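Participant: got a predicted structure here, sequence first:
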Amino acid sequence: MSLPTDPTTAATLGHAIDPEVRRAGLVKRLVRIPTAVVALVWLVVVVAAAVLAPLLTSQSPTASDILDALAPRGPGHPLGTDGVGRDVWAQLIYGARTSLVGALIVVIVSLVVGLPAGLIAGYFRGRFDGISTWIASLLMAQPAIIILLVVLTQVGRNTALAMFVFGFVIAPGVFRLVRASVIAVREELFVDAARVSGLTDPRLIRRHILPVVVAPTVIQMSQIFGIAIVVQAGLEFLGLGSANQASWGGMLNDAFQAIYTAPRLLVWPALAIILTVTACALLGNALRDALGGAPAARRRRRRKELSDTGSVTVSTSPDVADDVALQIDSLVVSYPGAAGDREVVHGVSLAIRRGEVLGLVGESGSGKSQTAFSVLGLLPGAASMSADRIQFHGEDLTTLSGAAMNRLRGRRIGYIPQEPMSNLDPSFRVGSQLVDPMRHHLGLSRKDARAEALRLLERVGIRDPERVFDAYPHQISGGMAQRVLIAGAVSCNPELLIADEPTTALDVTVQAEVLDLIRELQAEREMAVLLVTHNFGVVADICDTVAVMRDGRIVEVASADDLFSDPQDAYTRMLLESSVEGAPARKPLPVIGATR
Amino acid sequence: MFTFLLRRIASGVALVFVTATVTFFLTAMTGSDPARRILGPTATLDEVAAKQAELGLDQSVLQRYLDWLGGVLHGDLSTSWFTNEPVTTLVWAALPITLSLVVSAIVLTAVISVVLGVVSAVRGGWLDNAVQVLSIVGFAIPSFLVGLLLSVVFAVQLGILPAIGYTPFSVDPVGWLTSITLPAVALTVGAVATVSTQTRGSMIEVLGQDYVRTLRSRGLPTRSILLKHALRNAAPASLTVLSLQFIALISGAVVIEKVFGLNGIGQLATSAASQGDVPLILGVVLLVVTLVVLVNLLADLLLGWLNPKVRIA
């Protein structure tokens, strides 16, 4: 059993919630989660049984009566008696007392130790942070039970003291969580602002830092409560709990001694432990959901990304001219949202002839990348796409199976991503990332693929292909990485190249070289190119035709020359004006759907 | 990589030293009189004084510490107060038993967690729900309860596997396997809950990375993207959690050993704790913290091997 102290979830949790909203709505939200209700009811029952123990039974939990050993359930003993004639029911409810008190000790100690230490270390950093972090990691490297056994070697059987010590043993978990949460908010701007406005450190901690720490800590406390019950039961099971005190772990130990004669005695203490700790775990999860909003939906979407893109509807439409490489008719892309589906591409139609470079231009959020990914079949899994057709050299891509689409990708349609450094797998050498697709699609031998990859690297202007081939992505520059990605995109001689803002992430000097390279490769291999960009400079450099997108629709298609000399659409004119170099933009662009 | 490793070894040695020292002084600050405890209430004062001299308790704490430390450096962990056997002998006899348990549990955990984590991250569905439920069950049911349950069902009721005892591998490999199966499985349940949840989470995260989309754009087979690229990048996070589980597994083994009557390190520690046998518990702590350091070192090596940034630097 280990305590999750993941700082990222802790930090995001803290941020997501406005403290006021949190306090007001927490109970209400918690009550709406069925598992939370069940867990709370159970915990209330256990607490009530522990508090009211003397009223619930007239028996003493520790009085043994050998003559009454292993008595069945009956009027005097609702759950029978154990191997030495003690009443099981009385032991169970008095044992609840022991367990709850022990767990409470652990929670209080770990909080009193871990919370202030975490706050100070995270807020002031410096030497205290260094030392306390070191002590925390030292403690976390020790198996908890061994530490407790060391202490018990000294003091003898003492459950309360053992739990007091366990509070210290588990405090590093609290410390690390609090520290990480504090560091995360501390970097937020509002903390700086508050400081500039003259708030003192103690007030700042109370007003701004503490509220953020509360949520993850509360969740963690419910987990620690459960862990404490388990650890305490373990010690008692080992026979190291306080003598003459009823406890669940002690009951398990007694039942274990009688495992061949009366294994049924295991049932009650085992159930008590399992149900109570499960309730703690469920309460913790429910608190997380109630406080932070479940991240489940986001996870599900990401997961689906690897299966092939969602729903596709197909209809027939007239044939496409022979020289057209790609024709898209009425493409619609939408995402599920809180208030129904949100359409981001509304019926886009486009055609690219063989050997033509089409620039798809628009502001971010205009749907141009969504259009490009639709062709590749690489939209995020949550997206649903429909089109009358996406015709690629006589094949309608909307009708292809995932496997058939996978045979096209990389082989006949190449893709150049936007951000070079995040698009190479950091764990594999550059060479293997070039070689694998060629071996897969072209059936080359390892040796031939290597030779071809080196040739490609040289072709895309890398001076020392051997070195780059053997390098890991973190060892090469962004410009080089983009050349590598271009080499990868064209390695299997695709007929269509889709480039998504291929120069945006690069230095200005490298941008021109990369554009030249794409243009050269395009001319050399007579590829059709779909170039997604927001930059008219790029358009002017290499595009034959331009399609301007706004808000999920295409507003104008024209040859590059016509577009620059005589733009038809008002929006195109505005985009052009705002991007003319040297001239000041006359007015800021109206924000249209620029939310993503 | 070399300096990285050297730094790790140095910090490991420091951890062992600090732990041993702190534990020594903790156990030296005793309220009760060990000699009296060993001899019982009927012993005379002279007998107690003689016993104290025999145990070296008449010397200053610092002197005792230096003596003990000197012994440790020569591989002598002093003598048990109660059995009068050398602690080294006791510990070496117990070590293979605990290691058999914990190492089998780690291997089982790694294999099961990778399969569960990857499949639930990619497929979702009922298996994903099952993993989520397991993460709560693994948290809520302590491994010794799982052990008790397994013992009742497979050993007591069905009689398929032995309820107690350990057979050394060198004596009878099959007997060894049957003697550690139930305890190792009991330990594995909780560890799988933690590690498979982590694997699932990091797989989901890696599958959302840009380079995975680019790999897909190259038309590589899904299997290769998942098992070669995504798993490789998700592995470090899982490995870190797995190495932390080693510490938790030792805690778990202490209690499990009692359930299955295995005379391992945990049973030594338990009897040391119940008798107040200070040299024995010191020996156990030294051994356990050394194991933890070695496992962390191994994990660091594997992490370095997995992460080219560390390996190359």
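Facilitator: Everything's here; your move.
Participant: who's in contact with the one residue in the stretch 201-313 of chain B that gets nearest to chain A?
Facilitator: Using Cβ to the nearest Cβ, B:Gly219 is the residue of the stretch 201-313 of chain B that sits closest to chain A, at 3.1 Å. (Each C-beta comes from the backbone N, C-alpha and C, glycine too.) For B:Gly219, the contacting residues are A:406-411, A:437, A:440-441, by Cβ atoms under 8 Å, 6 or more residues apart in numbering or on different chains.
Participant: what about it, which SS state?
Facilitator: Here B:Gly219 takes the coil state, with states given by DSSP: H, G, I helix; E, B strand; the rest coil.
Participant: quick one: it from A:Glu524, how far?
Facilitator: The spacing between B:Gly219 and A:Glu524, counted by Cβ to Cβ, to the nearest Å, is 22 Å.
Participant: cool, B:Gln52 as well?
Facilitator: 93 Å.
Participant: tell me which of those two has more neighbours.
Facilitator: B:Gln52 (17 against 10; other Cβ atoms under 10 Å in any protein chain shown).
Participant: nearest residue to that one other than its sequence neighbours?
Facilitator: Distances taken as Cβ to Cβ, 6 or more residues apart in numbering or on different chains put B:Ala35 closest to B:Gln52, at 4.5 Å, once the chain neighbours are dropped.
Participant: packing partners for the one helix or strand that neighbour maps to?
Facilitator: Applying DSSP states H and E as the criterion places B:Ala35 in helix B:34-39. Using 3 or more Cβ pairs under 8 Å, 6 or more residues apart in numbering or on different chains; DSSP states H and E, the elements in contact with helix B:34-39 are helix B:45-55.
Participant: for A:Arg409, give me phi and psi.
Facilitator: For A:Arg409, the backbone dihedrals are phi -60, psi 130 (criterion: degrees, to the nearest 10).
Participant: what about it, neighbour count?
Facilitator: 22.
Participant: ok, now which ones touch it?
Facilitator: With contact set as Cβ under 8 Å, 6+ apart, A:Arg409 has these partners: A:376-378, A:415, B:216-219.
Participant: domain ranges for chain B?
Facilitator: Domains of chain B are assigned by automatic domain parsing as B:2-73, B:87-312.
Participant: return the most buried member of those.
Facilitator: Most buried of those, by mean neighbour count (mean count of other Cβ atoms under 10 Å in any protein chain shown): domain B:87-312, with a mean of 21.
Participant: run the chain-centre distance for that domain.
Facilitator: Centroid separation between domain B:87-312 and its chain, computed with Cα atoms, centre = their mean, to the nearest Å, is 9 Å.
Participant: next one: stretch A:436-445
Facilitator: 33 Å.
Participant: just the helices in the stretch 351-500 of chain A please.
Facilitator: A:368-376, A:402-408, A:430-442, A:446-459, A:465-470, A:478-490 (DSSP state H, counting those that start in this stretch).
Participant: against which helices or strands is the last one packed?
Facilitator: So the one you mean is helix A:478-490. strand A:413-416, helix A:430-442, helix A:446-459, strand A:496-500, helix A:508-525, helix B:210-217.
Participant: repeat that with 10 Å
Facilitator: Here helix A:478-490 touches strand A:413-416, helix A:430-442, helix A:446-459, helix A:465-470, strand A:496-500, helix A:508-525, helix B:210-217, going by 3 or more Cβ pairs under 10 Å, 6 or more residues apart in numbering or on different chains; DSSP states H and E.
Participant: ok, now the third one?
Facilitator: The elements that helix A:430-442 packs onto, with contact taken as 3+ Cβ pairs under 10 Å, 6+ apart, are helix A:402-408, helix A:446-459, helix A:465-470, helix A:478-490, helix B:210-217.
Participant: orientation of that helix relative to helix A:478-490 in degrees?
Facilitator: Counting by axes from the mean of the first three to the mean of the last three Cα atoms, to 10 degrees, helix A:430-442 lies at 10 degrees to helix A:478-490.
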